[in-house]
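Undergrad: Need coordinates for the following:
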Amino acid sequence: MTTPQILDLRQCYDVIFSGLHHQLVTPRGKRHSLELLIVEDMIAGPIYSIKEYGGCACVYADQARFHGVDSPVALRERFHLHHRDLLDAIAEFSPSTKEEVSDLAQMRERASDIWALVELACDVEIVRWNAAADSV
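TA: Next up is the predicted model:
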């Protein structure tokens, strides 16, 4: 795994999940964003493990919570399902003011940033996975 990859992953994770990344304006938008946190956490947890520990062996080992996730390919598929859930939840927000339209745009931008982070994390995990396989 290259140092720039893990540094980029750490920086991106910290920006996206610090809460400072998006500043919603309306009370409705803020309430709705709280509902999104559950799905975001399902994505953030494994990525946190990758950024802090260089991999997410804990995900592969926890088949009760991550049934069927036994490789980086399966992990990416699981991330895709969670991201789809996130997009669906965002789509449930129906803005009624221009400020709420802005909030919706912020939510969509955040979802896009989260997917970019998923891609980066999966790239890091694949490198780690392949290195571990090569050392066996």
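
Undergrad: so where do the helices sit in this protein?
TA: Assigned helices in the chain, in chain order: 3-17, 27-53, 57-61, 72-91, 98-134 (criterion: DSSP state H).

Undergrad: In TSV, list these along with mean neighbour count and mean pLDDT.
TA: The way it works is simple: take the backbone N, C-alpha and C, and place the C-beta from them, glycine included. Shown next, in TSV, are the helices of the chain (neighbours: other C-beta atoms under 10 Å; pLDDT from 0 to 100):
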stretch	mean neighbour count	mean pLDDT
helix 3-17	15	80
helix 27-53	17	94
helix 57-61	15	88
helix 72-91	16	97
helix 98-134	17	93
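
Undergrad: What are the neighbouring residues in contact with the residue positioned nearest the centre of the chain?
TA: Note on the chain: the residue nearest the mean C-alpha position is Ile43, at 3.9 Å, using C-alpha atoms, centre = their mean. Contacts were defined as C-beta atoms under 8 Å, 6 or more residues apart in numbering; by that measure Ile43 touches Phe79, His82, His83, Leu86, Ile114, Val118.

Undergrad: From Gly55, how far out is Glu109?
TA: Note on Glu109: its distance to Gly55, by C-beta to C-beta, to the nearest Å, is 29 Å.

Undergrad: Same question for Ala133.
TA: Note on Ala133: its distance to Gly55, by C-beta to C-beta, is 12 Å.

Undergrad: ok, now Asp8?
TA: Relative to Gly55, Asp8 is positioned 16 Å away (C-beta to C-beta).

Undergrad: and what of Thr26?
TA: To Gly55, Thr26 is 40 Å away according to C-beta to C-beta.

Undergrad: go on, Ala105?
TA: Here the criterion is C-beta to C-beta. By it, Ala105 lies 35 Å from Gly55.

Undergrad: Verify the contact between Tyr60 and Asp70 for me.
TA: Yes: counting by C-beta atoms under 8 Å, Tyr60 does reach Asp70; the two are 5.5 Å apart.
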